[in-house]
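**Student:** Give me a model of this one.
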Amino acid sequence: MLELAEDYPELVTLKNAQDEYGLPAAGGIDDCPLDDDFTRRLLHLDKIYLTSHRRRHSHARKLSTSQPGCKNWFLTIEDAETHYPKSESRKRLPTLFISGSVHGNERVGASASLEYAALLLEAANCESLPHDDYPGARAPQIVMGSWLDQVDEARTCRELLHKRGIMDDERQWLARLVTTRRIIIVPAANSLGYFREEREEDGVDPNSDFPFDLKEDVNTKCMESVAARTVNEIFRNNIVHLAVSFHAGTSVVAYNWGAPSLERFTCPDHISMGEIADVYARFAGPLNFWDQGSYEVGTMNELVYPVRGGMEDWAYASSWAKEYSKGCQPDTYKGYAASQTQYSDSVLRSVNLLVETSKEKAPPEKELGSDYLLFDPTWQRMGSGHITRNIRLLTAMTDIVQPYLSITGVNNKLLDDDVVPKKRRDNRACIQTRVVSVKGYKSVNINWIVGGGITIERTGLIYARWDLISDDIDGDNQPTGKGLEELLKTIENPDNADPRVKTTMTFRGRTRWHSEGADPPSFKKKRKYTGLLSQPSFSSRIVLNDYDNGDQIAVFAYAVLDQSWGRTDGNSTVKPQLPPQSHLVNARTNPNWKHEYVNQIVEGRKYWFSTPLTVVVQEGKGKVLELAWRIPSESKLKQWEEEMEEDISEYPVAFSFVIICCFAAAVGVAIYRSEMKKKRKRMFNEISTEIDGMEMNDYDEVIGQISNHTID
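**Tutor:** So this is what the prediction gives:
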């Protein structure tokens, strides 16, 4: 975790529940002895990043080192550069929660969640390169040289990912997930149990320590563990849309209900939960190498066993099923305020699925898997394992939390990705970053993809000159207010709308998460290892006859997804007899849904829109040219290098001096980096015992010495 915080300070923060929320630490002076050293190093790291301006605000200002016992650490993955503290986009990020190990002796979830975090951050950081925009052909050579160095770094990290089977479309997809979501990961909520390799926390089972469906005569038997309080505080300080809790003992993906009092009933969100659980099981895949099939799917009461005080039911229903949710008054750790288990209407409406990863609590190393060709189903027989398939499950979870669209091509010419980490996208930045010149065409074909859902019920294009688009639409956030009203008027009632705002024909389809696969298939040439990552690709023509030379046209793709989730279909077994209650479902089916809490917003809608593409109409021969690109072609790079060589030949003395200075600086940097590397190595050697070393197999003989990418 510290390594991730060190390497990606703009994308991840590392905190603990003791310093962040004032919770006690479970255990004594002999438990988790490296926590204090861990904290000191994190404080030092925070100071370095603030000084070097790699971080705007302190992430560790509350940290202390005075408390014995085990701290409960958690990571928050969030693109702080794109979604700066006061931005509207930061308020509207969908939040996910991943619990790795509530039972301390169940180890797969903790390792899978950290491996997943490492994969996401590596892909997002690589996709963000080059960080600087192209400086222009007339930029000073030292500026151009610096930018070309970033381009070289981008090419290098992409090649390294390629060698592990993470190709360009996978990298861009993973980067999108990082920069459009907030992901909170608690690898070991039961940190004391994890350290001691015990199921419980000092005799308390955290898995049944939540205030839901408790016996009426017992109102103190909840929130007794620090593990449960850690989860409680994180949920109280966020609006969590989608969550997963990892366990072990069987092999299932299960959903609500799991409470004894609701054993014969289904929950109001059972349609969405069943479909999502099926997606998880299918994308995670089977363990064919050990003759183990895919996860079984069903309710917790059906597949596991009824539990009073279960985390999943609590996280889903404690804000609205008040008859089952009672406050806690525990006396452990000097008590816990009753107000901390009194919840507003907005807090606990999460779809929280349970994943039982394996029959063994801690499977042997040979069954953990490899991250080589992680998303290639043809490799699963040799490369899959318990950790591997749960990384895949987590990517599906992170994708499906919110619908999205992306315009990917014009006349089948692929465009750069529209969502780039560490880049501001508000204030209509897309007019400069997502723009093509169209010369001599009376119409052009626009390609787009749809994700973040299962069933695409309607999708199409809407376009107009930018000066006709409401100022409310900033090109980053989903349209709201007047801007949304004007777009919907054209889409739903075009006869009474502004005729200058145009639409195309509409389509239906399926995302890659559908049980029947993506439809329509991608227009890109398929690679054999694209597998389940194949996106549905739509295509329609926009007519340019009515536009003048120089006009800037804003083109949006829009879609409606998963409307069946908003129904219960009159199922008499639903209890309570209510419509779906989760934020996840209502955010995509109910335009009247709106919750604001802890500076976060969930606002329901049916229509979802892409980042707009700007089409500049120009005279000339038929040609489509992307005006904003991030990494130049090889021919362009060669041209610039030749120009720089010419400059060097014209000014040999000046450039010799520059080269000498650069060489001296490079030597100094190399020495510094070498010393820092030694220091980090010493540091991680000291704390390596803190996180159990469940490394995945290298499979060196199979894949030719391609080493594994794991975190000790």
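**Student:** quick one: low-confidence ranges for the stretch 451-600 of the chain?
**Tutor:** 522-533 (pLDDT under 70).
**Student:** just the helices in it please.
**Tutor:** 481-492, 583-589 (DSSP state H, counting those that start in this stretch).
**Student:** Just put those helices in a markdown table and tack on distance to residue 595 and mean neighbour count.
**Tutor:** For every residue, glycine as well, the C-beta is placed using N, CA and C. Below are these laid out as a markdown table (distance: least, CB to CB, whole Å; neighbours: other CB atoms under 10 Å):
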| stretch | distance to residue 595 | mean neighbour count |
| --- | --- | --- |
| helix 481-492 | 17 | 16 |
| helix 583-589 | 7 | 24 |
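**Student:** would you say residue 624 is within a strand?
**Tutor:** Yes. Counting by DSSP: H, G, I helix; E, B strand; the rest coil, residue 624 is part of a strand.
**Student:** which residue ranges form the strands in the stretch 1-150 of the chain?
**Tutor:** Counting by DSSP state E, counting those that start in this stretch, one finds strands in the stretch 1-150 of the chain at the ranges 12-16, 73-77, 95-99.
**Student:** if you compare the ones you listed, which one is most tucked away?
**Tutor:** Among the strands of the stretch 1-150 of the chain, ranked by average contacts under mean count of other CB atoms under 10 Å, first place goes to strand 95-99 (a mean of 26).
**Student:** So what's the gap between it and the chain middle?
**Tutor:** Put simply, strand 95-99 sits 10 Å off its chain's centre (CA atoms, centre = their mean, to the nearest Å).
**Student:** next one: stretch 538-554
**Tutor:** Relative to its chain's centre, stretch 538-554 lies at 34 Å (CA atoms, centre = their mean).
**Student:** How about residues contacting it?
**Tutor:** Outside stretch 538-554, the residues that touch it by CB atoms under 8 Å, 6 or more residues apart in numbering are 431, 438, 441-450, 459-461, 463-466, 469, 502, 504-505, 507, 509, 520, 523, 555, 557, 612-619.
**Student:** and if we set it to 7 Å?
**Tutor:** Contacts with stretch 538-554, where a contact means CB atoms under 7 Å, 6 or more residues apart in numbering, come from 438, 441-448, 459-461, 463-466, 469, 504-505, 507, 509, 520, 523, 555, 612, 614-619.
**Student:** so how far does that stretch reach from one end to the other?
**Tutor:** For stretch 538-554, the first and last residues are 18 Å from each other (CA to CA, to the nearest Å).
**Student:** Enumerate the positions of that stretch that are buried.
**Tutor:** Neighbour counts over stretch 538-554 (16 or more other CB atoms under 10 Å) mark 538-540, 542, 544, 547, 553-554 as buried.
**Student:** looking at this protein, which helix or strand is least sure?
**Tutor:** Every helix and strand in the chain was compared by mean pLDDT, DSSP states H and E; the lowest is helix 700-703, with a mean of 36.
**Student:** Bridged to residue 201, which residues?
**Tutor:** Per DSSP bridges, the residues bridged to residue 201 are residue 204.
**Student:** pLDDT at residue 297, what is it?
**Tutor:** Here, the pLDDT recorded for residue 297 equals 97.
**Student:** Now for it, how many residues are close by?
**Tutor:** For residue 297, the neighbour count with other CB atoms under 10 Å is 22.
**Student:** Please confirm that it is located within a strand.
**Tutor:** Yes. Assigned with three-state DSSP, residue 297 falls within a strand.
**Student:** circling back: now the helices of the stretch 451-600 of the chain in a markdown table, with distance to residue 625?
**Tutor:** Output for the helices of the stretch 451-600 of the chain, formatted as a markdown table (distance: least, CB to CB, whole Å):
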| stretch | distance to residue 625 |
| --- | --- |
| helix 481-492 | 28 |
| helix 583-589 | 36 |
